[in-house]
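Chemist: Requesting a structural model of the entry that follows:
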Amino acid sequence: MKKFACLIILVAFNTICLAQNVFEQNNPLNGPEKNNSRQQDSLPESDIAHQRYTWQWKHEGVYREIVPLDTSLDGIHNFNYIFKKNISNTYLANLPSPYLSNIFITRETVQDFYPLTNIRAFLFKPEDALYFNTTTPYSRLRYYTGGGKGKGENFLDIWHVQNINPYWNAGIRYNLISSDGRYMDQKAKAYHFSLFSSYEKERTVLNLFLNQNNGHFNENGGIKDRTYITDSTENAENIPVNLTGSNASNNYRNTNFQLQAQYNLGKKKEIIHAEDTSYTYPAKVLFNFRAEGNEHWYKESSVNMDFYPHTYIDSTFSYDLITNQFYDISGKFVMNEHPKHKYLPGLYAGIRFQHEHYKQRTTYDSITHTESFGNTNCSNTYLTGGIFNVDTNASFHYDAEGQLCILGPDAGNFSLDGFVRQSLNKNRKTYIQANATIELQSVNPFFDRYIGNHNIWENNFKAIKTIQVQGKYVNQRLRNETGMGFSNIFNYVYFDTAAMPRQTNKTLIVLTAWVKENFKLGNFYFDQTIYFQKSTQEDILSLPIISVYSHNYYQNFLFKKALLLQFGIDVFYHTKFYSDNYMPSIMQFYNQRKYKTGNYPKIDVFLDLNIKRAHIFVKYEHLNYPLKKHGDFFSAADYPINPGMLKFGIQWDFFN
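Modeler: Below is the predicted model of the structure:
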């Protein structure tokens with residue numbers, strides 16, 4: 001509590017500011033998405049007190065998308081990042097730890113440094129940041145906690161935004177997630193500290209972002225015997241686990257720096273919107289520089305020879321380290337949309353240079369027990385371009401971007417990605433949208449060669465070709481979203497039942513359909529999200545056929561509208577399937593065909609309160625734990641879901 005008190009005092013000092021994570025703005029559980037796009041190169045001028053604009057740059061500065069800051073009460077109790085992003089996950093129970101979405105089309109984009117892919121939700125990176133323009137300083141404090149001694153789970157998020165002058169905004173954010181873990185040897189922590197600044201005056205726009213993400217989590221290898229879950233009432237903290245006494249842990253560090261510069265060309269033009277007035281220029285030039293440094297290491301102070309099938313290097317301890325540096329330099333020339341001709345598109349073209357540097361074990365001789373570390377460098381040059389029309393005064397929108405590698409080891413790789421959206425009424429709250437992606441990408445370097453104490457491989461995989469198409473109908477008035485998706489993947493790469501990377505020569509097809517419907521009956525709300533999925537190659541990709549998130553609550557104002565109250569029940573459910581197991585030594589999920597998990601509802605009850613600018617919640621997570629039947633509440637094959645836990649928290653916004 002001393003640390004908590006000190007951090008509250010820190011918030012009171014209005015010095016610098018920070019960006020909000022875009023994950024929290026685009027919560028898939030909040031129903032149909034809103035069309036908040038607005039292309040503008042100069043922010044609206046306003047004298048309104050406490051006015052805030054928050055936005056995100058698309059395609060590294062091509063146009064600005066307005067993303068309103070989420071200040072709603074609904075869903076405040078659902079603070080686990082992985083369940084804010086996906087309604088169904090394979091995960092290791094405690095927060096934060098690796099996870100894998102059970103909804104295939106919402107799985108994380110493969111990270112350049114592959115080991116970070118399964119912990120992406122706990123990272124804060126340049127593409128996640130929102131930028132601010134505020135008329136008064138603005139701070140936010142969030143603190144959530146649960147469990148008792150030895151079971152604690154804590155979440156702390158502090159940030160502050162402030163205009164230093166009318167043209168210059170700067171920021172700071174600190175985020176900490178930690179938990180002891182309900183099962184043995186599961187203690188975990190993830191935290192990041194971020195600084196950023198934006199400057200915009202006349203024709204010049206500058207954005208700067210700097211942060212570091214760190215994570216440390218102990219590995220227990222899963223429970224030793226499933227019968228402790230299925231056939232006994234043993235307390236979670238007393239159930240034996242596979243890596244007891246090994247002091248096994250995964251650790252990562254991710255550092256990001258981004259500088260984005262724009263210079264507008266031509267005569268400034270006014271754009272009149274229903275809600276405000278903004279300004280644009282006919283054209284601009286963009287420059288973007290991004291540098292990223294990564295480290296991942298797996299440690300064991302004592303090697304467990306019984307758990308791992310192989311131990312190649314040292315039978316006493318493990319220290320497997322990979323480091324990576326990534327540099328991305330790009331320039332673009334942009335022709336903006338014309339403010340008086342709403343269907344005349346914007347166009348851009350440019351060039352990008354990327355360089356990656358890896359350092360890891362490159363050889364190991366099992367006879368002489370000698371090893372060597374080496375460096376691998378890879379440089380590629382791309383042509384980039386796109387077309388867009390995101391003018392909010394138009395009823396038809398589209399955005400398409402492509403890039404082609406012309407020089408380097410990945411020459412011939414390409415990607416095309418975009419969407420089209422047609423509004424069906426004048427207020428543009430009902431629309432149909434289609435998204436499509438076609439790409440040919442080389443396999444991530446992580447799969448080419450890896451030499452660790454328990455895992456060794458060397459491969460020469462073919463490039464992966466992906467065709468993905470999605471379509472949806474959104475009616476915001478009726479609070480409905482209905483969609484279908486089709487994914488066709490050639491040369492799909494996965495981890496087999498021995499936790500070794502494999503590439504299939506079979507075509508993998510995944511069909512997905514979903515419905516999101518939010519019903520209202522008086523003061524009662526019933527928000528339902530359902531996904532249907534089918535994989536054509538279930539031997540290499542098993543998915544639950546049905547996944548459900550049911551969010552049901554009563555909401556009303558009390559005490560002359562001084563208090564907004566919500567209380568209700570959340571239900572998470574998916575049908576049985578062969579969920580992946582988890583290999584601690586490489587921090588990856590892999591196929592298993594021994595146990596099915598699912599067909600078990602996880603039920604949470606909650607009470608959410610709003611008093612002025614403070615949001616408060618109390619919830620009991622996994623209410624139905626005492627009613628468990630035959631231990632069906634596993635997530636990954638050897639990792640059961642946490643037992644029930646009481647949690648509470650507060651989110652408080654400050655304006656100065």
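
Chemist: From residue 442, how far out is the spatially closest residue to residue 298 that is not a sequence neighbour?
Modeler: Leaving aside its chain neighbours, residue 298 sits nearest to residue 320 (4.5 Å; criterion: C-beta to C-beta, 6 or more residues apart in numbering). All C-beta atoms are positioned from the backbone trio N, CA, C, and that covers glycine. Separation of residue 320 from residue 442 (C-beta to C-beta, to the nearest Å) stands at 24 Å.

Chemist: Please apply the same query to residue 509.
Modeler: 22 Å.

Chemist: for the residue lying closest to residue 452 once chain neighbours are set aside, helix, strand, or coil?
Modeler: Excluding its sequence neighbours, the residue lying closest to residue 452 (C-beta to C-beta, 6+ apart) is residue 320, at 4.0 Å. What DSSP: H, G, I helix; E, B strand; the rest coil gives for residue 320 is strand.

Chemist: count of residues packed around residue 320?
Modeler: Residue neighbour count, defined by other C-beta atoms under 10 Å, stands at 21 for residue 320.

Chemist: now do residue 317
Modeler: Residues lying near residue 317 (other C-beta under 10 Å) number 14.

Chemist: and if you look at residue 222?
Modeler: 22.

Chemist: Return the residues in contact with it.
Modeler: For residue 222, the contact set (C-beta atoms under 8 Å, 6 or more residues apart in numbering) comprises 241-242, 581-582, 636-639.

Chemist: Residue 426 too?
Modeler: Here residue 426 is in contact with residue 395 (C-beta under 8 Å, 6+ apart).

Chemist: With residue 240 instead?
Modeler: Residues counted as contacts of residue 240 (C-beta under 8 Å, 6+ apart) are 184, 223-225, 228.

Chemist: now do residue 109
Modeler: Here residue 109 is in contact with 117, 120 (C-beta under 8 Å, 6+ apart).

Chemist: ok, now how distant is it from residue 83?
Modeler: Taking C-beta to C-beta, one finds residue 109 at 19 Å from residue 83.

Chemist: any idea which residue sits dead centre in the protein?
Modeler: Geometric centre of the chain, nearest residue: residue 121, 3.7 Å, by C-alpha atoms, centre = their mean.

Chemist: Where does pLDDT dip in the stretch 151-300 of the chain?
Modeler: Flagging of the stretch 151-300 of the chain using pLDDT under 70 yields the residue ranges 272-277.

Chemist: Spell out the residue ranges of the helices in it.
Modeler: In the stretch 151-300 of the chain, the helices defined using DSSP state H, counting those that start in this stretch lie at 227-230.

Chemist: what's the most distant pair in the contacts of residue 240?
Modeler: Longest distance between any two of those is 13.1 Å, between 184 and 225; criterion C-beta to C-beta.

Chemist: now stretch 583-595, how far from the centre of its chain.
Modeler: With C-alpha atoms, centre = their mean, to the nearest Å as the basis, stretch 583-595 stands 21 Å off its chain's centre.

Chemist: picking up where we left off before, am I right that the residue nearest to residue 298 is in contact with residue 585?
Modeler: Yes. Residue 320 is in contact with residue 585 according to C-beta atoms under 8 Å; the separation is 7.1 Å.

Chemist: Confirm that residue 398 sits in a strand.
Modeler: Yes. Counting by three-state DSSP, residue 398 is located in a strand.

Chemist: Just give the nearest non-adjacent residue to it, would you?
Modeler: In space, residue 398 comes closest to residue 420 once its chain neighbours are excluded; the distance is 4.4 Å by C-beta to C-beta, 6+ apart.

Chemist: Residue 373: neighbour count?
Modeler: Residues near residue 373, counting by other C-beta under 10 Å, number 12.

Chemist: what pairs with the helix or strand where it lies, and is each one parallel or antiparallel?
Modeler: Assigned by DSSP states H and E, residue 373 belongs to strand 370-389. Counting by DSSP bridges, the strands paired with strand 370-389 are strand 346-365 (antiparallel), strand 396-407 (antiparallel).

Chemist: Let me see the contact set for the nearest residue in space to residue 347 that is not next to it in sequence.
Modeler: Residue nearest to residue 347 in three dimensions, not counting chain neighbours: residue 335, with 4.6 Å by C-beta to C-beta, 6+ apart. Residues near residue 335 by C-beta under 8 Å, 6+ apart: 282-283, 346-348.

Chemist: buried set for the host helix or strand of the residue nearest to residue 398?
Modeler: Using DSSP H and E, residue 420 sits within strand 414-423. Across strand 414-423, burial judged by 16 or more other C-beta atoms under 10 Å covers 414-415, 417-421, 423.

Chemist: want to try CSV for the contacts of residue 240, with distance to residue 327 as columns?
Modeler: Converted to CSV, those look like this (distance: C-beta to C-beta, whole Å):
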residue, distance to residue 327
184, 42
223, 43
224, 45
225, 48
228, 49
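
Chemist: ok, of those, which come out buried?
Modeler: When the contacts of residue 240 are checked for burial by 16+ other C-beta under 10 Å, the buried set is 184, 223-224, 228.

Chemist: all strands of the stretch 501-650 of the chain, in order?
Modeler: 501-503, 508-521, 524-535, 546-558, 563-574, 581-583, 588-590, 602-611, 614-621, 645-655 (DSSP state E, counting those that start in this stretch).

Chemist: Need the residues that contact the longest one.
Modeler: For strand 508-521, contacts defined as C-beta under 8 Å, 6+ apart pick out 31-32, 103-105, 470, 479-490, 492, 525-537, 540-541, 543.

Chemist: What subset of those residues is buried?
Modeler: 31-32, 103-105, 470, 479-483, 485, 487-490, 492, 525, 527-531, 533, 535, 537, 540-541, 543.

Chemist: Can you report phi and psi for residue 612?
Modeler: phi 50, psi -110 (degrees, to the nearest 10).
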